[in-house]
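Asks: Fold the following.
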Amino acid sequence: MTQSRWGRLIGGFLLMLALATFAGLVFGGLPWWLLASALALLGWHLFSLYRLDRWLRGNMRSPAPGLRGVWGSIESLVRDLRRRLRHRKAQFRNVSEQFRRSASALPDGVLILDSEHAIQGFNERASQMLDLVRRDRGRRIDNFIRDPEFVNFLKVGDFSQPILTRSRSEPDIHLSCLLVPYGEQQYLMLVRDVTVQTRMERVRRDFVANASHELRSPLTVLNGYLDNMADDPEIQDGWAGPIDEMRRQTTRMTAIISDLLELSRLEAESSRAGQNKVDVAGLLSVIRKDALARENRPEVIEFFLESSQGLLGEERELHSIFNNLVDNALKYTGTSGRVTVRWTVDEEGGHFSVADTGVGIDPDEIPRLTERFYRVDRGRSRLKGGTGLGLSIVKYALQRHQAQLEVTSSPGEGSRFSCHFPPGRLCNPGF
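Replies: Residues are numbered from 1 along each chain as shown. The predicted model follows:
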């Protein structure tokens, strides 16, 4: 269709040129006849362009001007584009309305953030949770959640895990915020009310802590009596075995209670660990002496201190982390095996690792190692005297130091437990 219109346009131009030439030859003044025909053709095109321009500037509300020739083709194309645009607008409005309704029906708050974490849109639930109104669009989300932990969460940019915070208007309401990247540096922020779960978790922690405190005193008394009975010469020899077993079990229960109290304390500490300077070399020196003094220990125990830099944190918790990992390696490595402890520092931070040639762990079991009371081999763990809480304590203590635990292992080949501390937790030697 377009080619035929252009063909007619060129044909008309040639015909007018031929008529002007004929008239100029017959009547004389050929240049004037050619000029007049060119001006007439130009005037017609300008008039058609003027009508098309008025129609377009009027948002095409008036009837189409009914242009001819190539201008009629352009008019048809514009009308076709207009129909397509209307159809797409209708589809977009339909999709937008469906999205708005689905977002409003969600029990969680939903916000759309741009690359600068400014609010582009939100549903009704998010408005209720964060006290947002329509004019808040375009403002940064940290203007409404002023928790320093949340501000740092945005700054670091690691959105793999949600962060817990409190409602600005009602501090007793606990919110879980998860950012999901999508598109070109945009984010979908999901806000969930986890007040009930948080309160239940607090009740559980308080119960464990209170029960552990209440059990500690009776166990201490019971252990004291058992110690006296074991040393009493009037006790018959047949009771020696049962008494020793009772002492062993009360000692194990005391260790479990101590670990439960420590775990409850770490769980209750929502803030990050302090910035106290900790001498890693001194800490490992003490742990090394204890390891070498153990009975039935592995034949080879190696400690490599490849950096004199220390850590910023809580010495008690760092000692618990290092000691638990070394203790596990010593327990599950035979007397002919090897345990290697290493402290290194690079541009990514500080790294503490414990490698052994022990029994190893099935890769399917690794994700559950830090669960409370989880044991890969329950019978062997009881014989070794473990409480099943050591790695849980390691997990929470590392979280307070912004550190991560990495575990690699193969059955029969041994295991490697590595703690990775961020550069901000390192400090220079000499303190």
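
Asks: Distance of residue 173 relative to residue 235?
Replies: Distance of residue 173 to residue 235, computed by C-beta to C-beta, to the nearest Å: 60 Å. Every C-beta, even on glycine, is put in place using the N, C-alpha and C of the backbone.

Asks: do the same with residue 200
Replies: With distances taken as C-beta to C-beta, residue 200 is found 47 Å from residue 235.

Asks: Could you identify the helix or strand that succeeds the helix or strand where residue 303 lies?
Replies: Element membership for residue 303, per DSSP states H and E: strand 300-305. The first helix or strand that comes after strand 300-305 along the chain, using DSSP H and E, is strand 310-313.

Asks: just the CA coordinates of the next helix or strand after that next one, formatted as PDB?
Replies: For strand 310-313, the following helix or strand on the C-terminal side (DSSP H and E) is helix 315-331. These are the backbone C-alpha positions of helix 315-331, laid out as PDB (Å, rounded to 0.1, in the frame of the first residue of the first chain):
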ATOM      1  CA  GLU A 315      37.000 -12.400  74.600                       C
ATOM      2  CA  ARG A 316      34.700 -14.800  76.400                       C
ATOM      3  CA  GLU A 317      32.700 -15.500  73.300                       C
ATOM      4  CA  LEU A 318      35.800 -15.800  71.000                       C
ATOM      5  CA  HIS A 319      37.400 -18.200  73.400                       C
ATOM      6  CA  SER A 320      34.100 -20.200  73.400                       C
ATOM      7  CA  ILE A 321      34.100 -20.300  69.500                       C
ATOM      8  CA  PHE A 322      37.700 -21.400  69.200                       C
ATOM      9  CA  ASN A 323      37.700 -23.800  72.100                       C
ATOM     10  CA  ASN A 324      34.400 -25.600  71.000                       C
ATOM     11  CA  LEU A 325      35.800 -26.200  67.500                       C
ATOM     12  CA  VAL A 326      39.200 -27.400  68.800                       C
ATOM     13  CA  ASP A 327      37.400 -29.600  71.400                       C
ATOM     14  CA  ASN A 328      35.200 -31.200  68.700                       C
ATOM     15  CA  ALA A 329      38.200 -32.000  66.500                       C
ATOM     16  CA  LEU A 330      40.100 -33.600  69.400                       C
ATOM     17  CA  LYS A 331      37.000 -35.700  70.400                       C
END
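
Asks: what's in contact with helix 315-331?
Replies: 262, 266, 273, 276, 278, 280, 283-284, 286-287, 290-291, 294, 297-298, 301, 311, 339, 341, 352, 354-356, 358, 384-386, 390-391, 393-394, 397-398, 400-401, 415, 417, 419 (C-beta atoms under 8 Å, 6 or more residues apart in numbering).

Asks: show me what contacts residue 40?
Replies: Residue 40 is in contact with residue 16, counting by C-beta under 8 Å, 6+ apart.

Asks: For the protein, which segments count as helices?
Replies: All helices of the chain, identified by DSSP state H, fall at 2-27, 30-57, 69-105, 124-130, 148-156, 195-231, 240-268, 280-292, 315-331, 378-384, 390-400.

Asks: buried stuff in the second one?
Replies: Going back to what we said before, that points to helix 30-57. The neighbour-count check on helix 30-57 (16 or more other C-beta atoms under 10 Å) flags 33, 34, 37, 48, 51, 52, 55 as buried.

Asks: what about the stretch 101-250 of the chain, any weak spots by pLDDT?
Replies: Along the stretch 101-250 of the chain, the model assigns pLDDT under 70 to residues 101-105.

Asks: ditto for the stretch 251-400 of the chain
Replies: Scanning the stretch 251-400 of the chain for pLDDT under 70 picks out the ranges 268-271, 376-387.

Asks: if you set the cut-off to 50 instead, what comes out?
Replies: Within the stretch 251-400 of the chain, the segments meeting pLDDT under 50 span 379-380.

Asks: Please parse the protein into its domains.
Replies: Split into domains by automatic domain parsing, the chain comes to 2-99, 106-193, 197-268, 276-427.

Asks: now the end-to-end length of the second one.
Replies: What that stands for is domain 106-193. 12 Å (C-alpha to C-alpha, to the nearest Å).

Asks: Then the longest one?
Replies: Criterion C-alpha to C-alpha; first-to-last residue distance in domain 276-427 is 10 Å.

Asks: one step back: and the contacts of helix 315-331, which are buried?
Replies: The buried subset of the contacts of helix 315-331 - by 16+ other C-beta under 10 Å - is 262, 266, 273, 278, 280, 283-284, 287, 291, 297-298, 301, 311, 339, 341, 352, 354-356, 358, 386, 390-391, 393-394, 397-398, 400-401, 415, 417, 419.

Asks: So which of the buried residues of helix 30-57 is the closest to residue 226?
Replies: residue 55 (102.7 Å; C-beta to C-beta).

Asks: Let's see the pLDDT reported for the closest one.
Replies: With respect to pLDDT, residue 55 scores 70.
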